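> predicted coordinates and the sequence they were generated for:
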There are 2 protein chains.
Amino acid sequence: MDDLRVNGARLWDALMELAKIGATPKGGVKRLALTELDRQGRDLVVGWGRAAGLSIKIDKIGNVFMRREGTDPTLPPVVTGSHIDTQPTGGKFDGNYGVLAGLEVIRTLNDHGIRTRAPLEVAFWTNEEGSRFVPVMMGSGVFCGAFSLETAYAARDVDGKTVEQELKAIGYCGEAEPGQHPIGAYFETHIEQGPVLEDADKVIGVVPAVLGLSWYDCVVSGMEAHAGPTPMHLRKDALQVATRIMQEVVAIGNKYPPYGRGTVGFVQVFPNSRNVIPGEVKFSVDLRNVNDELLNKMHEEILAYVARTAEETGLAIRIERVSYYPPCPFHPDCVEAVRKATAKLCYSTMDVVSGAGHDAIYTARVAPSGMIFVPCKDGISHNEIEDAQPEHLTAGCNVLLHAMLERAGIAN
Amino acid sequence: MDDLRVNGARLWDALMELAKIGATPKGGVKRLALTELDRQGRDLVVGWGRAAGLSIKIDKIGNVFMRREGTDPTLPPVVTGSHIDTQPTGGKFDGNYGVLAGLEVIRTLNDHGIRTRAPLEVAFWTNEEGSRFVPVMMGSGVFCGAFSLETAYAARDVDGKTVEQELKAIGYCGEAEPGQHPIGAYFETHIEQGPVLEDADKVIGVVPAVLGLSWYDCVVSGMEAHAGPTPMHLRKDALQVATRIMQEVVAIGNKYPPYGRGTVGFVQVFPNSRNVIPGEVKFSVDLRNVNDELLNKMHEEILAYVARTAEETGLAIRIERVSYYPPCPFHPDCVEAVRKATAKLCYSTMDVVSGAGHDAIYTARVAPSGMIFVPCKDGISHNEIEDAQPEHLTAGCNVLLHAMLERAGIAN
């Protein structure tokens, strides 16, 4: 059984076939959640599932579970999956890979007539991207109870259409109550969406955790004045003070390696005119780390720095936390199953935390969960030029196969 | 003659009367160049000039010279003036004060039957503000040959109307050739448009020079990436590098007191999204100082810092000078005349350089020129809340009176 391998060419063909639905001229995919194109993508994948002998279950938020029975009906299923909706300028692999890797595992087991003790399922979750409807990770979020079905149903796109309307319109508003579906273990394969594996030249990322994040809005208020007539010592230059804090955000990220992150991504300067000293600067702060203790330290440090800077400069500075997602460690058993499968298959490997959100963050609330990362070109995703190498995708799928077999058990 | 004083109440009344034309609900004035409101303002001032016995001459760019003859027809006139066009959200004093202070000098001399040897003139220059048509300081710029009449005529507002059309439409396209008008000396009274006099509690600013300025566009190019999955050591954070340069700009301003200025007023971050490491940051750099030597040092320092930063960080950084106005020292005789008049009148005084542009910068190219500053509230101008105290305006006008008399000579 140890030399069992998936069919990498078949996996690649499936990815390329699915990528035709919503294909963009630049080689990417635009298949927004609950659109007609999403329906076509769902129908294609469900068709492949049926052809592979899987039974289909759809819940009220449109999550789809495609099931292969095991020999022991008392065991909960080992589930794998991801999503097939994309960003407006998305790529071929983000999400889609996780779903089709699951399908390839099933096809491989079928090819070899292998049965498992626990059932296996391939799931795809509704609206992971959140591009058309918020909140993001909607299907898995409702499934694990992060927010209610009603909240999700009421979400509207820019044209005012609701999730409920659109789910019904594409025929994917199922009967099953979300969450009323036991999961024995959940694995999700995904492109890394970061540069770490590629930089280190490793094929498989074992994912111990998803970074927690703290988001802040910061506003520095000074005094708008003409750049010429106002001497330096009489200025209240909001940008000069804001840039000090922006540098500290990065310094705090650097202070807590290897998983600390400090980013200022958004800046707004008022009045934003060449010869006017800025009177007000708004900017975002994004701090991340792998556990609560470190993230809290970073939180305390930025607040203290802002307070000190306000005192030193005499300018008013407001900082407010606007979002907080706690760090999400994956289940040791699932992490270990991935690690063990990778070792067995002799792939080069390293631990890589996930810095982005995935459905696995939500499944981790209700079931042991883990993730498998493979490299993507230049760490780029959410972009039409997103790319990945077939041999890496195959490797990740082989790891998934063996991790799932490990958890599900092979029937005699 | 030393105890001759202007009528401050009359000056104030004239200012308030002119401010009614284009008055805004917030107490400011919107009287854009070459609009119907500008015509009304011009007509009012010209009417006052005629009533004071002045002859009117209008040149082809709409500059207006209102003349009181002297006793010696061989002498060129001593001219004072400024502008009566305003910013879209302008105040009552910027420019208008300089013109009406000139008129008040004439009225005062008329009251006392005083004649001067050289002729006296009150001028107002077309489109100083540049809000509707660029370039700014258009009338005085054409007058001194900084750019051609054709260039000015061809300038269009947002609706596509040209300066030439609009000058003719309001009846202020005169016959005189701009610049064919000798000036013996030029004085301009103006609110400071900065906080220095108020901060030092002085009434009269003697203006030795206008600061030169160097404007730059700077672009830092990094690599856009997700804030979560990208570890600190693999980032090319354009904003982190840009903020270092922004801080250096201010440091360079601080390094050359009292007249050094370093300002970043404009910042644009791409893609400017909370959870994306900025891939590109564009920003402006504004450096000023009082003489070429110091301004050149500042220029060399920012270029060197940018080059060093590019080398240290490996990011591409472009900096390009987009504008340069050399420092403009005023004529020693005019500066001295203002200083002497201020001393005679016993007003508290200090030297204040001008950081903003004024028509006097252009007149200085063709005639001995000088300026007189009075405080404005909180240093604010180009704003509807621009304000100044009547006694300060009166003081500035008295200084103008005595400086003009000194230069023009009193007839026996």
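Received, thanks.

> go through stretch A:198-205 and flag the buried ones.
Neighbour-count burial for stretch A:198-205, with 16 or more other C-beta atoms under 10 Å in any protein chain shown as criterion, is recorded at A:198, A:202, A:203, A:204, A:205. Backbone N, C-alpha and C define where each C-beta goes, glycine included.

> got TSV for those residues, with distance to residue A:392, secondary structure and pLDDT too?
Compiled in TSV, the buried residues of stretch A:198-205 are given as follows (distance: C-beta to C-beta, whole Å; DSSP: H, G, I helix; E, B strand; the rest coil; pLDDT from 0 to 100):
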residue	distance to residue A:392	secondary structure	pLDDT
A:198	9	helix	97
A:202	10	coil	98
A:203	6	coil	98
A:204	8	strand	98
A:205	10	strand	98
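
> show me the domain layout of chain A.
What automatic domain parsing lists as the domains of chain A is A:8-210+A:327-408, A:212-325.

> pick out the most distant pair among the buried residues of stretch A:198-205.
The largest separation in those, counting by C-beta to C-beta, is between A:198 and A:204 at 12.5 Å.

> just to revisit the earlier point, same list (the domains of chain A) but as a markdown table, adding distance to residue B:280.
Below are the domains of chain A laid out as a markdown table (distance: least, C-beta to C-beta, whole Å):
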| stretch | distance to residue B:280 |
| --- | --- |
| domain A:8-210+A:327-408 | 15 |
| domain A:212-325 | 12 |
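
> now render these as CSV, adding distance to chain B.
CSV is the format used below for these (distance: least, C-beta to the nearest C-beta, whole Å):
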stretch, distance to chain B
domain A:8-210+A:327-408, 3
domain A:212-325, 3
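
> of these, give the one that comes closest to residue B:113.
Closest approach to residue B:113 among these (C-beta to C-beta): domain A:212-325, 39.1 Å.

> for that closest one, measure first residue to last.
5 Å (C-alpha to C-alpha, to the nearest Å).

> with stretch A:356-368 instead?
OK, stretch A:356-368 end separation, C-alpha to C-alpha: 19 Å.

> chain center to that stretch, what's the gap?
Its chain's average C-alpha position is 10 Å from that of stretch A:356-368, according to C-alpha atoms, centre = their mean, to the nearest Å.

> who's in contact with that stretch?
A:79, A:81-83, A:125, A:128, A:136-137, A:139-141, A:143-146, A:179, A:182-186, A:188, A:190, A:193-194, A:210, A:325, A:328, A:330-331, A:333-334, A:369-371, B:226, B:228-229 (C-beta atoms under 8 Å, 6 or more residues apart in numbering or on different chains).

> now do stretch A:43-54
By C-beta under 8 Å, 6+ apart, the list of residues contacting stretch A:43-54 reads A:14, A:17-18, A:21, A:56, A:64, A:66-68, A:84, A:99-100, A:103, A:106-107, A:110, A:122, A:124.

> which of those are buried, as a ChimeraX select command?
A single ChimeraX command selects the buried members of the contacts of stretch A:43-54 (16+ other C-beta under 10 Å):
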select /A:14,18,21,64,66,67,68,84,99,100,103,106,107,122,124
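
> of the contacts of stretch A:43-54, which belong to strands?
Mapping the contacts of stretch A:43-54 onto strands (DSSP state E) picks out A:56, A:64, A:66, A:67, A:68, A:122, A:124.

> other SSEs contacting the lengthiest helix in chain A?
In chain A, taking DSSP state H as the definition, the longest helix is helix A:292-313. The contact analysis (3 or more C-beta pairs under 8 Å, 6 or more residues apart in numbering or on different chains; DSSP states H and E) places helix A:292-313 against strand A:212-221, helix A:238-255, strand A:280-289, strand A:316-325.

> what lines up beside the last one in the sheet?
Sheet pairing here is set by DSSP bridges, and for strand A:316-325 it gives strand A:212-221 (antiparallel).

> is it true that residue A:226 touches residue A:275?
Yes: if you go by C-beta atoms under 8 Å, residue A:226 and residue A:275 touch, sitting 6.6 Å apart.

> residue ranges with poor pLDDT in the stretch 101-250 of chain A?
Within the stretch 101-250 of chain A, not a single segment meets pLDDT under 70.

> before we move on, the earlier item: what are the buried residues along the longest helix of chain A?
A:294, A:295, A:297, A:298, A:299, A:301, A:302, A:305, A:306, A:309, A:310, A:313.

> likewise for stretch A:310-330?
For stretch A:310-330, the buried set under the neighbour-count rule, 16+ other C-beta under 10 Å, comprises A:310, A:313, A:315, A:317, A:319, A:327, A:328, A:330.

> ok, now stretch A:354-369?
For stretch A:354-369, a neighbour-count test (16+ other C-beta under 10 Å) marks A:354-364, A:366-369 as buried.

> ok, stretch A:117-135 next?
In stretch A:117-135, counting by 16+ other C-beta under 10 Å, buried: A:117-133.

> what's the closest non-adjacent residue to residue A:145?
Of all residues not flanking residue A:145 in the chain, residue A:179 sits nearest, at 6.1 Å (C-beta to C-beta, 6 or more residues apart in numbering or on different chains).

> and if you look at residue A:341?
Leaving out its chain neighbours, the residue that sits closest to residue A:341 by C-beta to C-beta, 6+ apart is residue A:402, at 3.6 Å.

> could you do residue A:323 as well?
residue A:215 (3.9 Å).

> that neighbour contacts residue B:228, correct?
No: counting by C-beta under 8 Å, residue B:228 is not a contact partner of residue A:215; they are 11.3 Å apart.

> picking that back up, what is the nearest of the buried residues of stretch A:310-330 to residue A:220?
For the buried residues of stretch A:310-330, the nearest to residue A:220 is residue A:317 (5.0 Å; C-beta to C-beta).

> with adjacent residues omitted, what lies nearest to that closest one?
Nearest non-adjacent residue to residue A:317, counting by C-beta to C-beta, 6+ apart: residue A:310, 4.3 Å away.

> ok, now residue A:107?
residue A:52 (5.6 Å).

> ok, residues contacting the helix or strand residue A:206 falls within?
Per DSSP states H and E: residue A:206 is located in strand A:204-207. Strand A:204-207 is contacted from outside by A:192, A:196-197, A:330, A:335, A:338-339, A:342, A:347-354, A:370-375, A:395-396, A:399, using C-beta under 8 Å, 6+ apart.

> again, only this time at 6 Å
Strand A:204-207 is contacted from outside by A:192, A:197, A:338-339, A:342, A:347, A:349, A:351-352, A:354, A:371, A:373, A:399, using C-beta atoms under 6 Å, 6 or more residues apart in numbering or on different chains.

> for the residue nearest to residue A:323, which residues are in contact?
With contact set as C-beta under 6 Å, 6+ apart, residue A:215 has these partners: A:286, A:322, A:323.

> so where do the helices sit in the stretch 101-250 of chain A?
Remark: helices assigned in the stretch 101-250 of chain A by DSSP state H, counting those that start in this stretch are A:138-144, A:149-154, A:163-169, A:196-200, A:238-255.
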